[in-house]
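A.B. asks: got a structure for you, letters missing:
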């Protein structure tokens, strides 16, 4: 699972300095985990996301953003609580989910938000 910096985020997800309106830059829909190392709920979600990144390999990308290191990125998306998960479909607006969600909920959200256009 790739950790994104501000630069790689702008290349692979959304260049928020260039575009005011959402414009997805990625090839595959993606899920972005905004987390911090000290955050206990984040540690619960991490292994679930690892599993999902293997299960959905080639269909979606799962990225991580360390909000402590990438403060500007976190601020750009108004991240106030972590974990925050940003679901970015290939087309349409991204959707944010807060908190340590169980795997079933994440699977449902991936299928509904990220893969619905393909079904």
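C.D. replies: Done, it's in. Quick caveat: nothing in here was measured; it's all calculated off a predicted structure. Numbering: from 1, shown residues only.

A.B. asks: could you pull out the helices for the protein?
C.D. replies: 6-12, 40-55, 71-76, 103-109 (DSSP state H).

A.B. asks: and residue 22, which of the ones you listed is closest to it?
C.D. replies: helix 71-76 (11.9 Å; CB to CB). C-beta coordinates here come from the backbone N, C-alpha and C atoms, glycine included.

A.B. asks: Indicate which one of the helices of the chain is closest to residue 88.
C.D. replies: For residue 88, the closest of the helices of the chain is helix 6-12, at 9.8 Å, according to CB to CB.

A.B. asks: Once you drop chain neighbours, what's closest to residue 34?
C.D. replies: residue 84 (4.4 Å; CB to CB, 6 or more residues apart in numbering).

A.B. asks: Confirm for me that that neighbour is in contact with residue 100.
C.D. replies: No - between residue 84 and residue 100 no contact is recorded; they are 10.6 Å apart, counting by CB atoms under 8 Å.

A.B. asks: out of those two, which sits in the busier spot?
C.D. replies: The residue with more neighbours, out of residue 84 and residue 100, is residue 84; 21 against 18, by other CB atoms under 10 Å.

A.B. asks: beta partners for the more buried one?
C.D. replies: Going by DSSP bridges, residue 84 is paired in beta bridges with residue 34, residue 98.

A.B. asks: Let me see the contact set for the residue nearest the centre of the chain.
C.D. replies: Among the residues of the chain, the one closest to the centroid is residue 32, at 1.2 Å (CA atoms, centre = their mean). Residue 32 makes contacts with 4, 9, 13, 62, 63, 64, 65, 85, 86, 88, as judged by CB atoms under 8 Å, 6 or more residues apart in numbering.

A.B. asks: ok, the nearest residue to it once chain neighbours are set aside - how many residues close by?
C.D. replies: Of all residues not flanking residue 32 in the chain, residue 86 sits nearest, at 4.3 Å (CB to CB, 6+ apart). As a burial measure, residue 86 scores 19 neighbours (other CB under 10 Å).
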